[in-house]
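Engineer: Fold the following for me, if possible:
(chains A and B)
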Amino acid sequence: MSTSPAPAGVIRGTVRDAAGAPVAGARVAFADGPVPLPDVAAVTDGEGRFALTAPAAGTYTLACRADGGTATTRVRVAAGPAAARPEDVRADLRLG
Amino acid sequence: MPQDPHTPVSSEPPVGLLPADGQPVFQPPGTGEGGEPAPGGSTGTEPVEGYELPAAPEAADAFGGPLPDIGEASFGPRTGPETVHPPDDRVQITNTCVYPWRVHCFLEITAADGSAWLGTGWFIGPHTIATAGHVVFIKNSGVPGRDGWVRSIKVWPGRNGGTVCYGPVVSTNFRSVTGWTASGDENYDYGAIILPTDLGAQTGWFGFGVWSDADLLQVTGNIAGYPADKPYATLWYDARRVDSVGPRKVYYDIDTFGGQSGSSVYRIIGNDRYGIAVHTYGGARVNSGTRITTPVYNNFVAWKA
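Structural biologist: As a prediction, this is how the structure comes out:
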């Protein structure tokens, strides 16, 4: 049985509307990534924040949907030393 | 305890994953209360208006077409980006209050750290909903306080946006296996939600079973779930022939998106629906789910009791 390694990074961000206000209840999920990814979706908190786990180094595309529109963004998670604390990577989204 | 690297292995298939006599083993579905269930379509798909199963590519002999990388033999089909593979032919289901659609559940998940997530599950019995292991137990998130059993899941059977057919019911009672909770191994990524009521007696449930590799490779896989790239809490359906199988995984080019983890990958025999896998991961060319092998089957039987 193979044991999954520690994640490469945690992608943290905030979803904002066109006016720049944080959006609660927006859905954020991976649309693209360097490895197979769990098909779950995060829901932003009251301040529009989310945190997704990047299991491996590479480039990820995040897609977001809320009542106020949709947004996508790409972010790169760098390879880090094994067993190190996963790196936090920023990925903010602006609904359009 | 770490495994001894000198543990002997064999080229024979893993013992105990499939019935020894090669015959399928399955649990029957139940259609719940009221009305006649929709019949299955002639192509192994649901008879959904606006949906047509794409024509299968022409069969070729072993060396007659584009050859996959040898790595696929060990690691499965190429994986990576894009869980929705063009053309995106998902169709929305709006009559979600009837069988079989009401079997699928929209899940609002609250993790141990209070963060909110979306997923999908499907009834396998009156009070038991099958889903992904990572829906009920978060592993290796890298976020302090998040890992472990989720705090609660709000279950909405057959929800269609603002239309609520049943529930919601909140559960804090979950099941999974150590292959997932201790090791985080995607081959063991499955679990269940135990409801405090027998709501499934109203909605009905899907059967599930263990079939051979040869049988599954002839099957059309169906998935209905709640993708987050669509309007909130709406149910979407797609189907394709199973692409390939591994000892503990099933691979398919059925379009999915975040929010559909835990969906049933099911086959239709006559008018009966049977789960063959639990959808878990999105990949580049194909998506994948945890195959219902004999151990998975036995746990599902125990969890639906």
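Engineer: From now on I want contacts and neighbour counts done on CA atoms only, so please keep to that.
Structural biologist: Will do.
Engineer: ok, the lowest-mean-pLDDT helix or strand in chain A: who's next to it in the sheet?
Structural biologist: Confidence across the helices and strands of chain A bottoms out at strand A:87-90, with a mean of 86, counting by mean pLDDT, DSSP states H and E. Applying DSSP bridges to the sheet, strand A:87-90 is found paired with strand A:9-16 (parallel).
Engineer: Show me what the helix or strand that the strand it pairs with is followed by is packed against.
Structural biologist: If you walk from strand A:9-16 toward the C-terminus, the next helix or strand you reach (DSSP states H and E) is strand A:27-32. Identification of packing neighbours for strand A:27-32 by 3 or more Cα pairs under 8 Å, 6 or more residues apart in numbering or on different chains; DSSP states H and E yields strand A:41-43, strand A:58-66.
Engineer: tell me what the shortest one is packed against?
Structural biologist: Strand A:41-43 is packed against strand A:27-32, strand A:49-54, strand B:116-125, with contacts defined by 3+ Cα pairs under 8 Å, 6+ apart.
Engineer: Distance from the chain centre to it, please.
Structural biologist: Here strand A:41-43 is found 9 Å from its chain centre; the criterion is Cα atoms, centre = their mean, to the nearest Å.
Engineer: Any chance you could list what contacts that strand?
Structural biologist: With contacts defined as Cα atoms under 8 Å, 6 or more residues apart in numbering or on different chains, strand A:41-43 is touched by A:24-30, A:50-52, B:115-119, B:228, B:258-259.
Engineer: closest to B:G34 out of the helices and strands packed on strand A:41-43?
Structural biologist: With Cα to Cα, the closest approach to B:G34 among those belongs to strand B:116-125: 16.8 Å.
Engineer: Put the alpha carbons of the closest one into PDB.
Structural biologist: Provided in PDB are the C-alpha atoms of strand B:116-125 (Å, rounded to 0.1, in the frame of the first residue of the first chain):
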ATOM      1  CA  ALA B 116     -16.800  24.500   3.700                       C
ATOM      2  CA  TRP B 117     -16.700  22.100   0.800                       C
ATOM      3  CA  LEU B 118     -19.000  20.600  -1.800                       C
ATOM      4  CA  GLY B 119     -19.300  16.900  -2.900                       C
ATOM      5  CA  THR B 120     -21.700  14.300  -4.100                       C
ATOM      6  CA  GLY B 121     -23.000  11.000  -2.700                       C
ATOM      7  CA  TRP B 122     -25.500   8.300  -3.700                       C
ATOM      8  CA  PHE B 123     -27.800   6.100  -1.600                       C
ATOM      9  CA  ILE B 124     -26.900   2.400  -1.400                       C
ATOM     10  CA  GLY B 125     -29.500   1.600   1.300                       C
END
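Engineer: That one pairs with which strands?
Structural biologist: Using DSSP bridges, the neighbouring strands of strand B:116-125 in the sheet come out as strand A:41-43 (antiparallel), strand B:104-110 (antiparallel), strand B:128-131 (antiparallel).
Engineer: most neighbours per residue, which of those strands?
Structural biologist: When you average the neighbours per residue for each of the strands paired with strand B:116-125 (mean count of other Cα atoms under 10 Å in any protein chain shown), strand B:128-131 leads with a mean of 30.
Engineer: could you point out which element follows it?
Structural biologist: Using DSSP H and E, the helix or strand that follows strand B:128-131 in sequence is helix B:133-136.
Engineer: What helices and strands are in contact with that following helix?
Structural biologist: Packed against helix B:133-136 by the contact rule (3+ Cα pairs under 8 Å, 6+ apart) you find helix B:178-181, strand B:191-194.
Engineer: now the last one: mean pLDDT?
Structural biologist: It stands for strand B:191-194. This predicted structure assigns strand B:191-194 an average pLDDT of 98.
Engineer: ok now the helix or strand following that strand, how far from the chain's centre?
Structural biologist: Once strand B:191-194 ends, the next helix or strand along the chain (criterion: DSSP H and E) is helix B:200-203. For helix B:200-203, the distance between its averaged C-alpha position and the chain's averaged C-alpha position is 19 Å (Cα atoms, centre = their mean).
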